[in-house]
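In: got a predicted model here, sequence first, then my questions.
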Amino acid sequence: MKAGLAVIFALLMGALAANYLLQDIGYVLINFRGKALEMSVPVLILLLVLAYLVVRICAHILRAPRRLGELAAQRRQRKAGERITRGYIELGEGNFARGEKLLTKGVRNSDTPLLNYLAAARAAQAQGDQERRDNWLSMAYEQDPRAAAAVLVTQAELQLANDEFERCRATLNKVLEMTPNNAEALRLKAELCVTQSDWFELQELLPKLRKQGHVAAEVIDDWFVRCWCFLLGEAANNPGRIRQLWKQLPKHLREHPQLIHAHIIALIAEGQLGEAESITRKAINKKWSDELVLLYGQLQADAAVQLRCAESWLRERPEDAALLLTAARLSVRNELWGKARSYFETSNAIRPSPETWHDLGQLMLKLGEAGPASQAFQKGLTLSYTNPDLPRLEDQLGSDSA
C-alpha cells in the first residue's frame, strides 16, 4: 500500500517537473577560480544523483569487510548455541562424554562460557575424571573472576558428592571467608557435618540456616534432632549444659519424642531423677509414646508415685502392652509380686515379647518357682529366634522319623 502511494506520488511529481522543464530547462553556471562550467538543470540533477550513488556504493564497499565479519560472528554464535543446547540434552540423557565435548567446543563463541565450563566439570566428574573436572573449574574461574564464589561452591558440591571430605571442607572455608552468609555454602557445610558426624560444628550452623530459610524446614528439623540427641548425650554430666541446650532448641522440637528421650537419658545420667520423672510424665500426658512409657518404668525415682501414675494411665489404656509391662516393673520395685505377675502375663497375652517373658521369669525365680521360670525363659528365647536358615530341632526329628 505504501509502495503504491510512493509510486503514484513520484509519477505526479515527475509529471509536474516535466511540464515546467519542457517550457524552460534552466541554466546553471559554476565559476571556480576562473574556470566556468555551464550546464542545464536536468544535467546538474543527474550529476548529483550519480554522485550520491557513487558515494553510497563506496560506503558499502568500505563497510563490507566489517559486515561480513559480523555475519560470520553471528553464524558462529548461532552454531555455538546449537551445540550447547545439544550438549545439555546429551548430559540429560546420560551421555556425559559427548555432552562435555559439545559444551566445550567453540566455548569462546558462547554467550555463557562460565555455565559451559561448570556443566563440563560435572560431566567430567560423572566420568570419574577429577583432574579434568578441576581443569574445567579453573577455566571457569579464569573466565569470570567475579564469579569465584559460585565456582568454588560448585567445586565443593562436586567434592562432597565424590567423598572428598577434607578438600570439600577447605573449599567451603574459602567461600565463607569471601561471603560469610553464602546460603548454598552453609547448606553444603551442614551436609558435610552430618556426613562426618561433626555435631559440634553443625550446632553453630543450624541457627543461621534456620534463619535464612534456604533449606527445607523438614531437613533442618531432622538435623536438629540428630545433632541435639548427640549433644545431650555428651552433656550428661553437666546439668547447666543440658538446660542450655534445651533452651536453644526451637520450641516445636521440644515435643519431639527422640529429643525428649535424649533429654531424659541425659538427666538420668546426671542424677536428676526427679526432674527426669516429671518431664517423662508430662511428655506422656501430652503425647503418648510407647518408648517413653517403657523408659518411665525404668526410671529409678519414687516407685510408689510412678506406679500410681502408670495405673491411672491403665484406666484409659487397659490393653496397652507397653504400659502393662511398665506397670509390672513398677510393681516389682514396690514388691507387689502378685500384681506384677498379673501385669506381666496380661502384657504377654496381648503382645508377647522376649523382654516381658524374661522379666516374668526373673520374678518367678524370686518367688521360688524354678519350673515356670524356666518355661518363661524358654518362651522368651523362642520369640527372639529370628534366623530362618538355621534348622529347628523338631524339623530334624521329623526328617529322621520319616
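Out: In hand now; what should we look at? Numbers count the residues shown, from 1 in each chain.

In: which stretches in the chain count as strands?
Out: 28-32, 35-39 (DSSP state E).

In: what does the spatially most central residue of the chain show for phi and psi?
Out: The centre of the chain sits closest to residue 215, judged by Cα atoms, centre = their mean, with a distance of 6.8 Å. The phi and psi values for residue 215, taken as degrees, to the nearest 10, are phi -110, psi 140.

In: which ones are touching it?
Out: If you count contacts by Cβ atoms under 8 Å, 6 or more residues apart in numbering, residue 215 has them with 187, 190, 209. Every C-beta, even on glycine, is put in place using the N, C-alpha and C of the backbone.

In: mind redoing it with 10 Å?
Out: Residue 215 makes contacts with 183-184, 186-187, 190-191, 206, 209, 223, as judged by Cβ atoms under 10 Å, 6 or more residues apart in numbering.

In: repeat for residue 357
Out: With Cβ under 10 Å, 6+ apart, residue 357 has these contacts: 344, 347-348, 375-384.

In: now do the residue nearest to the centre of the chain against residue 305, distance only.
Out: Counting by Cβ to Cβ, to the nearest Å, the gap from residue 215 to residue 305 is 43 Å.

In: over to residue 149?
Out: 59 Å.

In: how about residue 354?
Out: Taken as Cβ to Cβ, the span from residue 354 to residue 305 is 29 Å.

In: which parts of stretch 126-139 are buried?
Out: 126, 129-130, 132-134, 136-137, 139 (16 or more other Cβ atoms under 10 Å).

In: go on, stretch 362-370?
Out: Those would be 363-364, for stretch 362-370 by 16+ other Cβ under 10 Å.

In: run the chain-centre distance for it.
Out: 56 Å (Cα atoms, centre = their mean, to the nearest Å).

In: okay, it in PDB with CA atoms only?
Out: Taking C-alpha atoms only, stretch 362-370 is exported to PDB below (Å, rounded to 0.1, in the frame of the first residue of the first chain):
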ATOM      1  CA  GLN A 362      13.100 -63.400  86.900                       C
ATOM      2  CA  LEU A 363      10.000 -62.700  89.100                       C
ATOM      3  CA  MET A 364       9.200 -66.500  89.200                       C
ATOM      4  CA  LEU A 365      12.700 -67.300  90.200                       C
ATOM      5  CA  LYS A 366      12.400 -64.700  93.000                       C
ATOM      6  CA  LEU A 367       9.200 -66.500  94.100                       C
ATOM      7  CA  GLY A 368      10.900 -69.900  94.000                       C
ATOM      8  CA  GLU A 369       9.100 -71.200  91.000                       C
ATOM      9  CA  ALA A 370      12.000 -72.600  89.100                       C
END
